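Student: Sequence and computational prediction follow.
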Amino acid sequence: MIQRPIQRFSNSADGEVKAAAIAAGQSYQDQEDVILQGALDAAQRIGSSALFEMLQIMRPIPGAASKSGAGLANPPERDKSLGLFNDIAGSLQQKYHIDFLILADTDGKILAPYGMPGSVDEMVKTSPLVTALLKDAPAYTPRVASMDRPRPALDPLIKDKGIIEQQGGPLKVVNGLVIEAVAPVLRVGGGLLGVVVAGQLINDSRSIVDKVQTQLSAVRNRRMDVSVIFKGVTVATTMTNVTKGHGIAVGEGIAKSTAPSVHPTDWGNGHVLAAVYPIRNASNMVIAQIAVTEPQDVWRDTMTLIGPSVIAMGIAFIITILAVFILSSSLSRALRRLNTDIIRVGLGDFEEEIEPLRRHDEAGDLSESLERLRITVKQAIERLRRRGVE
């Protein structure tokens, strides 16, 4: 049985954007399961070979949290074993988007990669996922969660990858948001040999946000941007105005959101409706959010595009009506009603149908033309709304 922290949220939908954020959160959890599957794959490959035993015999190695002294490793054999481990890690990186793979014994001492410093040893030994797995004998249930990892533990594994600077501001995110999974390495005949730790760094990664955006666009037929928020900054995003290695600072209400929620806010280059879904760690504490955003000013942008045409046509109608009024006072009642309809359309009301005057003269023709204009403009607005004018 696979165990993971429980995500709790209200199912009371309060809008399409919130529903999209919940869907995005579920997609993020799906990616956590993908990383867990990668750890299980690695553990199975290592456990079914003699790789673990070969690496264990060749201790001590630098950074393996053991006493210094004469090396027991035979360099050629050690390099061969590490080469096999690196081959496994490389294949899993392509298949599961894993950024690092660690093999450790039951004492938390790292066997591979070679030469890891004490900061990585400490990360593995104190990992709540590793601790929970080792205590779960004899089941040794694999686990996965998102983790807040300090830069000293990450640098030996991924170098300086994933440092995010605020675009146009002073904030800087040094820590890494990491999807981390642990799986037991078991002997062929049974019994625990050690653990595999697999991790994907979310900072500056487009794999999750691009995937979620594609899924949302296919369902909702319009563009919605997807971002991961960590330490109050978007560390991964589909927003085209954010350059690589940078993020946008978000409001405190969004950054501290612990449940699916919707926030009208200024974000990036405009006013957006942002819906967020919480990302939790192994202790079920919220450490980040995945957010879905879309422009909130569709009506304003629609009127910016079609407004001048509507105004020009309205003026033309008014001039025509005035001319007809002067020429024939008998049309006064019909023209007053027609004038009211024109003013209503000019103010942007395209919903109510314009009742025809049922006259076989100029006033009747104008009434029918105005109704056709109303229908045309209404359809244009609906098409722009469906496309999510930005």
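Tutor: Here it is on my side, so go on. In this text, all values refer to a predicted model and were calculated from it rather than measured experimentally.

Student: ranges for the helices of the stretch 1-150 of the chain?
Tutor: 16-47, 51-57, 75-96, 118-125, 128-135 (DSSP state H, counting those that start in this stretch).

Student: which of those sits most buried?
Tutor: Of the helices of the stretch 1-150 of the chain, the one with the most neighbours on average (mean count of other Cβ atoms under 10 Å) is helix 16-47, at a mean of 21. In this view, the C-beta of every residue, glycine as well, is placed from N, C-alpha and C.

Student: other SSEs contacting that one?
Tutor: With contacts taken as 3 or more Cβ pairs under 8 Å, 6 or more residues apart in numbering; DSSP states H and E, helix 16-47 sits against helix 75-96, strand 143-149, strand 176-186, strand 192-201, helix 207-220, strand 261-267, strand 270-280, strand 286-295.

Student: Show the average pLDDT along that helix.
Tutor: On average, the pLDDT along helix 16-47 is 93.

Student: between that helix and strand 261-267, how many degrees?
Tutor: 100 degrees (axes from the mean of the first three to the mean of the last three Cα atoms, to 10 degrees).

Student: circling back to that earlier point, nearest to residue 320, out of the helices of the stretch 1-150 of the chain?
Tutor: helix 16-47 (42.0 Å; Cβ to Cβ).

Student: The closest one to strand 286-295, inter-axis angle?
Tutor: 130 degrees.

Student: Just the angle for helix 16-47 relative to helix 207-220, thanks.
Tutor: Per the same axes, to 10 degrees, the angle that helix 16-47 makes with helix 207-220 is 140 degrees.

Student: How far off centre is helix 16-47?
Tutor: How far helix 16-47 lies from its chain's middle: 13 Å, per Cα atoms, centre = their mean, to the nearest Å.

Student: Could you figure out how far that helix is turned away from strand 192-201?
Tutor: 140 degrees.

Student: so residue 194 touches residue 106, yeah?
Tutor: Yes. If you go by Cβ atoms under 8 Å, residue 194 and residue 106 touch, sitting 5.8 Å apart.

Student: Can you pick out the residue with more neighbours from those two?
Tutor: Neighbour comparison, residue 194 and residue 106: the larger count goes to residue 194, with 23 against 14 (by other Cβ atoms under 10 Å).

Student: Tabulate the helices of the stretch 1-150 of the chain (TSV), appending distance to residue 164.
Tutor: Conversion of the helices of the stretch 1-150 of the chain to TSV gives the following (distance: least, Cβ to Cβ, whole Å):
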stretch	distance to residue 164
helix 16-47	18
helix 51-57	35
helix 75-96	21
helix 118-125	20
helix 128-135	24
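
Student: so which of these comes closest to residue 377?
Tutor: Nearest of the helices of the stretch 1-150 of the chain (Cβ to Cβ): helix 16-47, 24.3 Å.

Student: Could you point out which residue ranges in the chain have low pLDDT?
Tutor: 1-14, 58-75, 268-269, 295-312, 314, 321-332, 357, 359, 387-390 (pLDDT under 70).

Student: repeat that with 80
Tutor: 1-15, 56-78, 188-190, 220-223, 266-271, 295-371, 374, 377-378, 380-390 (pLDDT under 80).

Student: Got the domain ranges for it?
Tutor: 26-161+177-200, 207-296, 299-387 (automatic domain parsing).

Student: Could you export those as CSV, including distance to residue 169?
Tutor: Shown next, in CSV, are the domains of the chain (distance: least, Cβ to Cβ, whole Å):
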stretch, distance to residue 169
domain 26-161+177-200, 19
domain 207-296, 6
domain 299-387, 27
